[in-house]
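S.K.: With the sequence up front, the predicted model follows.
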Amino acid sequence: MRSKVLIVMGSDSDFPIMKACIHTLVGFGVTYEAKICSAHRTPDQAIQLARGAAEQGFGVIIAAAGLAAHLPGILSACTTLPVIGVPIKTGALAGIDALYSIVQMPSGIPVATVAIDGAENAAILAAEILALQDERLARMLLDHKTKMTESVQTRQKNLEAKLNDLH
Ligand code: RP5
């Protein structure tokens, strides 16, 4: 079964943001491997990583990059695994450049793009993909949603208490 997530970062400078992705995957008990690999500085390695990923038991690739962020796209071009792109906020355009580079893929080569610095959502989306073949993981994701619902209900009660205090 392809049950692991491959996380690829364009630079170690992306790691502070991508820690949230790793933390979330670990919380769901998902096995991952993390690599630094750049579409521009190490293009051959990027292509090899993507080509070998399915064979190595990965089910999803999460690729994070800033600036002219071609990494998720080149990985997607070289694999049939789903690729989730995380645009990283850096440089003069603060992540808008990376967002557009990742989301505006040409027809036929998709990258599922999360928000700028959306590392946690990338992990949850990857877990949801793996959960299609993993009932334990699917139950954990359901628990996660239930906890979020409960947290909103608690906030509603807190708001009502604050509103009562106003009168
Ligand atoms: C991108 O360029 C990386 O993903 C990173 O977000 C950005 C800057 O890289 P460094 O110059 O910090 O290595 O390729």
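M.R.: Right, received. Where do you want to start?

S.K.: so who does residue 19 touch?
M.R.: Residue 19 sits next to residue 119 when contact means Cβ atoms under 8 Å, 6 or more residues apart in numbering. All C-beta spots, glycine's among them, are computed from the backbone N, C-alpha and C.

S.K.: Could you list the residues of the chain in contact with the ligand?
M.R.: Residues of the chain lying near the ligand by Cβ under 6 Å from any ligand atom: 10, 11, 13, 14, 38, 65, 66, 67, 88, 90.

S.K.: Would you check that the first one makes contact with residue 71?
M.R.: Yes. Using Cβ atoms under 8 Å, residue 10 makes contact with residue 71 at a distance of 4.9 Å.

S.K.: Pull up the overlap in contacts between those two.
M.R.: Common contact partners of residue 10 and residue 71 (Cβ under 8 Å, 6+ apart): 37, 38, 39, 63, 64, 65.

S.K.: Provide the partner residues of the fifth one in its beta bridges.
M.R.: So that's residue 64. Taking DSSP bridges as the rule, residue 64 bridges to residue 9, residue 86.

S.K.: What is the burial count for it?
M.R.: Using other Cβ atoms under 10 Å, residue 64 has 30 other residues around it.

S.K.: The second one now?
M.R.: By other Cβ under 10 Å, 17 other residues sit near residue 38.

S.K.: Many thanks, I have nothing further to ask.
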